[in-house]
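Asker: Below is the sequence, then the predicted model.
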Amino acid sequence: MWRVKRFYHRLLVDERQMLAADVSANSKRALRWIAPLAGGLAVVVLGVLPAAAAPIGLAPSQAPAQPGTERSVQQWFGARERPLIELNDALVPALTVTTQGSGARAICTRLARAAAGYAALNPVPNARLAVPVAAGTAKFVEGAAVCLRGDLARAQQLIVEGLAERTAAQDQIDGILEGE
């Protein structure tokens, strides 16, 4: 009887070990097909998400592009950077000059050159950006001309108005660039 129990016990232990080995083999087998399945699922999901993000009725390639991502618009903004910095640098002393004299004449001349240079930039390649990007520029050019004639108070008033126009247009520019 003792031998029979030992035999069944040994058989039971062997069976458990075999099942454990079988489970680990099944796990390895499962990993062999789960990894490609997960990869395939990722490809499907990544392929579907851009299509779902496009407006209804348009294929992903037909979705309207954000003007801020257009190469020509980016190049235009890059070319605009130096003239804009020069204009901003000329506006600051023009707002602070209080008396007419040779110093004021130099400040007004610098402002006139910077405003004319900024106004003469090539047109922006996106028509929706043309008006908001030009906001305030006409006031700066006019303010520089008035400054050169000697009316500093009126020139400063025009510059402040131009700055207000440009500041108000900035949110519109950002919205257009982001595709809104």
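Answerer: Arrived safely.

Asker: all contacts plus neighbour counts: C-alpha atoms, from now on.
Answerer: Noted.

Asker: At which residues are the strands of the chain located?
Answerer: For the chain, strands defined by DSSP state E do not occur.

Asker: And the pLDDT at the closest residue to Ala104 other than its chain neighbours?
Answerer: Distance criterion Cα to Cα, 6 or more residues apart in numbering; nearest residue to Ala104, sequence neighbours excluded, is Val97 at 6.4 Å. pLDDT for Val97: 86.

Asker: Ile56 too?
Answerer: 53.

Asker: pLDDT below threshold where in the chain?
Answerer: Scanning the chain for pLDDT under 70 picks out the ranges 1-65.

Asker: Walk me through the domains of it.
Answerer: Under the assignment automatic domain parsing, the domains of the chain span 2-55, 69-177.

Asker: where does the residue lying closest to Gly179 once chain neighbours are set aside sit relative to Asp174, distance-wise?
Answerer: Closest residue in space to Gly179, ignoring its immediate chain neighbours: Gln66 at 4.3 Å, by Cα to Cα, 6+ apart. Distance, Gln66 to Asp174, by Cα to Cα, to the nearest Å: 11 Å.

Asker: ok, Thr137 touching Gly162?
Answerer: Yes: when contacts are counted by Cα atoms under 8 Å, Thr137 is listed as touching Gly162 (6.6 Å).

Asker: from memory Leu129 sits against Gly175, does it?
Answerer: No: here Leu129 does not reach Gly175: they are 10.0 Å apart, not a contact under Cα under 8 Å.

Asker: When those two are compared, which one has more neighbours?
Answerer: Set side by side, Leu129 and Gly175 show more neighbours around Leu129, with 19 against 13, by other Cα atoms under 10 Å.

Asker: What is the neighbour count of the residue nearest to the more buried one when sequence neighbours are not counted?
Answerer: Closest residue to Leu129 apart from its sequence neighbours, by Cα to Cα, 6+ apart: Ile173 at 6.5 Å. Neighbour count for Ile173, taken as other Cα under 10 Å: 20.

Asker: ok, Ile173 to Ala90 distance?
Answerer: Note on Ile173: its distance to Ala90, by Cα to Cα, is 23 Å.

Asker: so where do the helices sit in this protein?
Answerer: For the chain, applying DSSP state H gives helices covering 2-53, 71-96, 102-119, 127-134, 137-149, 152-177.

Asker: Mind exporting the C-alpha coordinates of the third one to CSV?
Answerer: Taking C-alpha atoms only, helix 102-119 is exported to CSV below (Å, rounded to 0.1, in the frame of the first residue of the first chain):
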residue,chain,number,x,y,z
SER,A,102,20.0,116.8,-34.0
GLY,A,103,19.4,113.8,-31.7
ALA,A,104,15.7,113.8,-32.6
ARG,A,105,16.5,114.1,-36.3
ALA,A,106,18.7,111.0,-36.1
ILE,A,107,16.0,109.1,-34.2
CYS,A,108,13.4,110.1,-36.8
THR,A,109,15.6,109.2,-39.7
ARG,A,110,16.3,105.8,-38.2
LEU,A,111,12.6,105.2,-37.7
ALA,A,112,11.8,106.3,-41.3
ARG,A,113,14.4,103.8,-42.7
ALA,A,114,13.2,101.0,-40.4
ALA,A,115,9.5,101.6,-41.1
ALA,A,116,10.1,101.9,-44.9
GLY,A,117,12.2,98.7,-44.9
TYR,A,118,9.6,96.8,-43.0
ALA,A,119,6.8,98.1,-45.2
